[in-house]
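In: Got a sequence here, can you model it:
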Amino acid sequence: MVIYLSSKTVMKALNVLEKFTVDRPTWGLRELARELDMSHTIVHRLLSTFETRGYLFQNPETQKYELGIKFMELSNVVEENLKLSQWIEPIMKQVAEETGESVVLTLLDNSEGLFAKIVESNRQVRFAESIGKRSPLYKGASHKVILAFLPEEVQLEIAQQGMLESAEEIVSSDLFLTKLAEIKRREWAYTSGETIQEVAAISVPLFDYQKQVLGSLSVAGPVYRIEQVNPEQVASILKRNCLELSSILSKVCFPTRRNYLLKQL
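Out: So this is what the prediction gives:
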């Protein structure tokens with residue numbers, strides 16, 4: 001028997017999966033149904049299907065669901081295809097050694113920045129965040145330096161979104177766009193305590209094979225240490241190492257969702 005899935009059914013299934021995030025990795029059936037405003041029966045059917053295929057796992061003690069081992073398998077496929085560790089990690093380690101701080105690769109995905117790879121500092125107090133963490137593009141150096149190279153229409157849209165969300169980073173759209181223009185002019189950004197409290201970062205943009213912004217590379221660490229160094233000096237270290245990194249990225253097509261953000265370029 002052939003079962004045809006409507007696009008609406010597929011969207012419901014994806015909405016269920018996308019609720020499992022770094023900030024909220026586990027869900028109970030009833031709370032997830034309430035969050036999605038969907039019937040318990042539909043959510044239970046979707047959860048059971050995902051569990052059967054290994055995409056979700058139901059903890060026998062808490063009865064809550066979490067992402068399953070299948071995603072580790074799929075993430076390894078992406079990692080192997082992109083060769084992130086083989087090509088990019090040595091460069092990130094070099095930056096970490098030169099600066100003494102952690103280095104973060106952030107990729108643009110839709111209207112958010114995604115922490116794709118982190119090479120931690122060997123110092124006792126260091127940047128601590130999870131791969132897969134997402135943040136809006138108006139928050140933090142690693143995200144703002146990406147936004148600075150997107151079309152002004154997109155910048156304005158994201159600034160307005162931030163104002164609706166009462167973001168502390170945006171006093172007014174005009175002032176925010178002016179700051180983005182300055183970031184684009186100097187080709188690096190610095191922020192303190194925006195993405196993560198007590199953490200500062202210095203970031204430079206990364207571009208793909210079409211010369212369109214792909215993400216950013218950042219040096220991040222405790223505010224008290226980052227404030228002791230010259231941001232321009234750190235930015236120059238990032239830019240120097242990014243020359244080699246850019247030559248790698250120009251040969252790779254990253255499977256990130258950027259088309260609708262870049263179509264106006």
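In: per-residue confidence averaged over the helix or strand containing residue 175?
Out: Counting by DSSP states H and E, the element that carries residue 175 is helix 173-186. Helix 173-186 comes out with an average pLDDT of 95.
In: low pLDDT regions in the stretch 1-150 of the chain?
Out: Applying pLDDT under 70 to the stretch 1-150 of the chain flags the ranges 1-6, 72-73, 76-85, 124-129.
In: Pop out the phi and psi values for the residue nearest in space to the middle of the chain.
Out: With distances taken as Cα atoms, centre = their mean, the residue of the chain nearest its centroid is residue 114 (0.7 Å). Note on residue 114: its backbone torsions stand at phi -120, psi 120 [degrees, to the nearest 10].
In: Quick check: the gap between it and residue 142.
Out: Look at residue 114 and residue 142: by Cβ to Cβ, to the nearest Å, they are 10 Å apart. The C-beta positions use only the backbone N, C-alpha and C, and glycine is treated the same way.
In: Need the overlap of contacts for these two.
Out: Shared contacts of residue 114 and residue 142 (Cβ atoms under 8 Å, 6 or more residues apart in numbering): residue 106.
In: For the chain, which segments are assigned as helices?
Out: Secondary structure of the chain, counting by DSSP state H: helices at 7-17, 29-36, 40-52, 70-82, 89-99, 141-147, 152-164, 173-186, 223-226, 231-249, 259-262.
In: Counting by contacts, list what the longest one packs against.
Out: Using 3 or more Cβ pairs under 8 Å, 6 or more residues apart in numbering; DSSP states H and E as the contact criterion, the elements in contact with helix 231-249 are helix 89-99, strand 199-207, strand 213-222.
In: Make a markdown table from these and add mean neighbour count and distance to residue 31 to it.
Out: Below are the helices and strands packed on helix 231-249 laid out as a markdown table (neighbours: other Cβ atoms under 10 Å; distance: least, Cβ to Cβ, whole Å):
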| stretch | mean neighbour count | distance to residue 31 |
| --- | --- | --- |
| helix 89-99 | 17 | 38 |
| strand 199-207 | 25 | 30 |
| strand 213-222 | 26 | 33 |
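In: Tell me which of those sits nearest to residue 45.
Out: Judged by Cβ to Cβ, the one of the helices and strands packed on helix 231-249 that comes nearest to residue 45 is strand 213-222, at 36.9 Å.
In: Name every strand pairing with the closest one and say which way it goes.
Out: Here strand 213-222 is paired, per DSSP bridges, with strand 102-109 (antiparallel), strand 199-207 (antiparallel).
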